[in-house]
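Asker: Got a sequence here, can you model it:
(chains A, B and C)
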Amino acid sequence: MGRSPCCEKEHTNKGAWTKEEDEQLINYIKLHGEGCWRSLPKAAGLLRCGKSCRLRWINYLRPDLKRGNFTDEEDELIINLHSLLGNKWSLIASRLPGRTDNEIKNYWNTHVKRKLYSRGIDPQTHRPLNSSLSSSTVTTCSKSKTLSNNVGSSNSSFNNNNNNSELRLETKRSATPLMKVNGKQDSNSSGGGVSSDEQVSPQRRLNLELSIGLPFPYQSQVSPINLKE
DNA sequence: AAAGCTGCCAACCGCGCGAAG
DNA sequence: CCTTCGCGCGGTTGGCAGCTT
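Answerer: Numbers count the residues shown, from 1 in each chain, chains lettered A, B, ... in the order given. Sure thing, here's the model as predicted:
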């Protein structure tokens, strides 16, 4: 339906970024800040689509990225947040400075799920596996790809299954431009989105007053999430 | 030593949303 | 209002590295 592709595909590179491309992108953003991703590649002399540039910057090149292993605290935080938010990786990432949604998503699919399974917890519902055995097949998948397909990806299954937790989320982007790191705002706030302590207007505060009646282990640790602390 | 398998992660894709015109 | 544009998100995939047989 007439949606034009995000970029002219003819003359754009795809796949892994080269060092040169990285440097070009970094240099350009240093000079001009983030934003206007669509026009950035041309301006920066990159044969990439804007989307690709944005992703590369956000997920890999940003100076404030932590990288390295997740700590146990981060693990638990991710689990708690996921129990509240489901697969809202960007929201979860906004609570973990220096971590990106992509990174957390990958980490969830590769490590955390397994960890939860080993604790006997269904990673989608955050309830004991027994209680959700009927709905979610606990396959001991031998392939990671099938694992992520089987267990991971369905957003809706989280929402549907999790009927015990009364989620009151305003996760619409209108209410949560959490990660708005676009040009105008500031180029510092590339800072993983959370640094936005500064100027979160009341309307823009994420209202995650979550009243939750989780049957399982996290309720004691769950506190209302409010991005402006 | 080689082949096959598994795990991981960077990057891509499609779509929804809000803003602008 | 309606349409178009651009951004950002979540899901998925390709390919490499490490491990096992």
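
Asker: hey, let's count contacts and neighbours off CA atoms from now on
Answerer: OK.

Asker: neighbours of the closest residue to A:Leu25 other than its chain neighbours, just the number please.
Answerer: In space, A:Leu25 comes closest to A:Ala44 once its chain neighbours are excluded; the distance is 6.7 Å by C-alpha to C-alpha, 6 or more residues apart in numbering. Applying other C-alpha atoms under 10 Å, we find 17 other residues in the vicinity of A:Ala44.

Asker: same check, this time on A:Lys115
Answerer: Neighbours of A:Lys115 using other C-alpha under 10 Å come to 15.

Asker: Quick check, pLDDT for it.
Answerer: Here, the pLDDT recorded for A:Lys115 equals 87.

Asker: In three-state terms, label it for me.
Answerer: Look at A:Lys115: counting by DSSP: H, G, I helix; E, B strand; the rest coil, its state is helix.

Asker: now A:Thr12
Answerer: With three-state DSSP as the criterion, A:Thr12 reads coil.

Asker: Domains in chain A, by residue range?
Answerer: Annotated domains of chain A cover A:19-61, A:67-229 [automatic domain parsing].

Asker: quick one: which of those domains has the weakest pLDDT on average?
Answerer: domain A:67-229 (a mean of 57).

Asker: and the residue of chain A nearest DNA strand B?
Answerer: Taking C-alpha to the nearest atom of the strand, DNA strand B has its nearest neighbour within chain A at A:Lys14, 3.3 Å off.

Asker: ok, back up a step: just checking, the residue nearest to A:Leu25 touches A:Gln24?
Answerer: Yes. In this structure, A:Ala44 is within contact of A:Gln24 by C-alpha atoms under 8 Å, at 6.6 Å.

Asker: how far away is the residue of chain A closest to DNA strand B from A:Leu61?
Answerer: 17 Å (C-alpha to C-alpha, to the nearest Å).

Asker: what's around the residue of chain A closest to DNA strand B, how many residues?
Answerer: 11.

Asker: Can you tell me how far it is from DNA strand C?
Answerer: A:Lys14 is 10 Å from DNA strand C, where distance means C-alpha to the nearest atom of the strand, to the nearest Å.

Asker: for A:His82, same thing?
Answerer: 10 Å.

Asker: Could you do A:Gly98 as well?
Answerer: A:Gly98 is 14 Å from DNA strand C, where distance means C-alpha to the nearest atom of the strand.

Asker: same deal with A:Leu129?
Answerer: 20 Å.

Asker: and what of A:Cys53?
Answerer: Relative to DNA strand C, and taking C-alpha to the nearest atom of the strand, A:Cys53 is found at 10 Å.

Asker: helix, strand or coil for that residue?
Answerer: What three-state DSSP gives for A:Cys53 is helix.

Asker: residue boundaries of the strands in chain A?
Answerer: A:121-122, A:127-128, A:207-208, A:225-226 (DSSP state E).

Asker: Chain A: helices as residue ranges?
Answerer: For chain A, the helices defined by DSSP state H occupy A:19-32, A:40-44, A:50-56, A:72-85, A:89-94, A:101-107, A:113-118, A:129-132, A:144-147, A:155-161.

Asker: Other residues contacting the first one?
Answerer: This points to helix A:19-32. A:44-46, A:53, A:57, A:61 (C-alpha atoms under 8 Å, 6 or more residues apart in numbering).
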